[in-house]
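J.: Here is a sequence with its predicted model. Questions after.
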Amino acid sequence: MPYAHRAVELRRSVYELLDSGPVGTFRARFVSRVIILLIVANLVATALESVPALEAQYAPLFAAIEWLSLAVFTVEYLARIWIAPEQPPDRHLPPVRARLKFIASGEGLIDLLAVLPFWLVLVVSFDLRFLLVFRIVRFLKLARYSPAMRSLIEAIYNERRALFGCAVILIGTTLVTGSLMYLAERHVQPDKLGTIPDAMWWAVVTLGTIGYGDVVPMTPLGKLIATMTIFCGFVMVALPVGIIATAFSEMIHRRDFVVTWGMVAKVPLFSELEAGDIADIMRLLRAQTVEPGAVIARRGDPAHSMYFIAAGEVEISLKESTVRLASGHFFGEVAVLRRARRSATVTALTRTNLLVLDARDLHALMGREPRVAARMKEMIRERVGSELVSQRGDIVTEELDEGDSEEATNSRNG
């Protein structure tokens with residue numbers, strides 16, 4: 001039983017290492033970046049290897065990149081099969097079924113195609129140039145590590161019915177315009193427009209606004225049909241582009257909304273609020289971008305805002321220690337409720353995108369919603385930990401102590 005428990009814990013640790021998402025530990029981000037670097041190196045090597053002079057000069061380097069990538073991708077594929085039962089949608093499934101589901105999924109098949117042909121070549125002889133196709137397939141692995149690519153794929157999938165309708169319209173328009181051009185030009189250009197399939201090729205090229213110029217109408221009626229086809233082509237291009245662009249934009253905004261919601265909801269002060277209250281807080285957030293080396297907050301300054309790190313990394317200099325926080329973390333949350341001074345100096349290590357919540361905005365919300373105010377005042381003492389810096393990076397104890405000292409001093413002076 002202890003062995004089984006340790007195996008489950010190890011599997012969960014490997015899952016967090018490979019599938020932690022955009023907000024993960026340093027090790028998880030490092031593993032993701034190494035795999036991304038190997039994928040990019042493979043694509044560059046594949047392109048350069050097709051140049052005979054470069055292939056002859058750098059063949060050992062290209063081979064080293066390939067073998068290193070093959071080893072890493074193979075280990076990654078086997079590890080992902082092993083951790084499949086840890087995927088949230090599949091945790092209720094038996095481990096064997098969860099693993100089979102991953103193997104048969106789109107991501108699993110891409111991972112398999114990225115390694116299997118290269119192992120088969122060791123036992124089966126066939127044209128090695130055929131492997132170039134599968135090396136290009138590795139580009140699709142980037143979709144796992146690129147939120148933008150995942151959003152685009154999901155947008156296309158969600159709009160598949162509309163895109164299928166566009167394809168049907170395109171086929172119908174191609175058939176109609178091709179047939180009309182065939183009737184108008186078949187006697188004048190029998191070698192180019194003597195059949196409907198030939199005319200349909202011209203229609204596809206014209207509707208796609210490419211216009212190779214290899215087939216040009218000669219008759220007045222043919223020119224009129226070509227003009228109509230060109231105008232139809234504008235619509236044919238605009239329809240799918242508009243559908244995909246709109247869906248992609250909505251997907252990006254939805255993803256940003258979910259990420260922001262997750263950051264706000266995990267703050268101890270806000271974690272027990274209802275969904276409507278968190279949504280109200282999200283509407284108060286404003287974006288701020290700081291350059292590397294810029295001081296975001298200085299120790300001793302009045303604290304009026306808390307910050308969520310959307311992207312980038314900051315360094316927090318406390319009295320006796322230094323802490324680094326990356327995307328997904330937050331700091332200064334006590335400042336939105338207490339009239340304290342900053343207990344640390346916060347400096348941007350990289351170009352950092354922040355979401356800022358001003359204390360005056362939150363107090364205005366609490367003034368409008370007494371229920372929110374009561375709950376947050378009740379939570380501040382219950383949820384604030386005793387550590388100087390919690391595991392999630394919120395600086396709390398010093399700000400609380402300094403806030404209490406200021407309140408005591410003000411009351412004595414008053």
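T.: Sure thing, it's come through. Only a predicted model underlies this, so the values are computations on that prediction, with no experimental measurement involved. Numbers count the residues shown, from 1 in each chain.

J.: which ones are touching Asp361?
T.: Residues near Asp361 by CB atoms under 8 Å, 6 or more residues apart in numbering: Leu284. C-betas here are computed from N, CA, C, even on glycine.

J.: name the helices or strands packed onto the longest helix seen in the chain?
T.: Secondary structure of the chain per DSSP state H: the longest helix is helix 220-265. When contacts are defined as 3 or more CB pairs under 8 Å, 6 or more residues apart in numbering; DSSP states H and E, helix 220-265 packs onto helix 147-158, helix 160-185, helix 196-207, helix 275-283, strand 305-311.

J.: pLDDT (mean, whole number) over that helix?
T.: Mean pLDDT, computed over helix 220-265, is 81.

J.: which helices and strands does whichever strand or helix holds Val8 pack with?
T.: In the assignment (DSSP states H and E), Val8 maps to helix 2-18. In this structure, helix 2-18 makes packing contacts with helix 26-49, helix 52-82, judged by 3+ CB pairs under 8 Å, 6+ apart.

J.: backbone phi and psi for the residue located most distally from the centre of the chain, please?
T.: Within the chain, His187 marks the point farthest from the mean C-alpha position, 55.4 Å out by CA atoms, centre = their mean. Dihedral angles of His187 (phi, psi; degrees, to the nearest 10) stand at phi -80, psi -30.

J.: Next, the contact list for it, please.
T.: Residues near His187 by CB under 8 Å, 6+ apart: none.

J.: Repeat that for Lys192.
T.: Counting by CB under 8 Å, 6+ apart, Lys192 makes contact with 185, 198, 202, 214-215.

J.: quick revisit: can you say which of the helices and strands packed on helix 2-18 is nearest to Val346?
T.: Among the helices and strands packed on helix 2-18, the nearest to Val346 by CB to CB is helix 26-49 (18.7 Å).

J.: got the CA positions of the closest one in CSV?
T.: What follows is helix 26-49, C-alpha atoms only, in CSV (Å, rounded to 0.1, in the frame of the first residue of the first chain):
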residue,chain,number,x,y,z
PHE,A,26,9.9,27.1,-12.2
ARG,A,27,10.6,23.4,-13.0
ALA,A,28,7.4,23.0,-15.0
ARG,A,29,8.1,26.2,-17.0
PHE,A,30,11.7,25.0,-17.5
VAL,A,31,10.5,21.7,-18.9
SER,A,32,8.0,23.4,-21.2
ARG,A,33,10.6,25.8,-22.6
VAL,A,34,13.1,23.0,-23.2
ILE,A,35,10.5,21.0,-25.2
ILE,A,36,9.5,24.1,-27.1
LEU,A,37,13.2,24.8,-27.9
LEU,A,38,13.6,21.3,-29.2
ILE,A,39,10.6,21.6,-31.4
VAL,A,40,11.8,24.8,-32.9
ALA,A,41,15.3,23.4,-33.3
ASN,A,42,13.8,20.4,-35.2
LEU,A,43,11.9,22.7,-37.6
VAL,A,44,15.0,24.8,-38.3
ALA,A,45,17.2,21.8,-38.8
THR,A,46,14.7,20.2,-41.1
ALA,A,47,14.6,23.3,-43.3
LEU,A,48,18.4,23.7,-43.3
GLU,A,49,19.0,20.1,-43.9
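
J.: who touches it?
T.: Contacting residues not belonging to helix 26-49 are listed as 16-18, 20, 24, 54-55, 58, 61-62, 65-66, 68-69, 72-73, 76, 132, 135-136, 138-139, 141-142, 145, 326 [CB under 8 Å, 6+ apart].

J.: follow-up on the earlier one: turn the helices and strands packed on helix 220-265 into a markdown table, including mean pLDDT.
T.: Below are the helices and strands packed on helix 220-265 laid out as a markdown table (pLDDT from 0 to 100):
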| stretch | mean pLDDT |
| --- | --- |
| helix 147-158 | 78 |
| helix 160-185 | 92 |
| helix 196-207 | 90 |
| helix 275-283 | 74 |
| strand 305-311 | 82 |
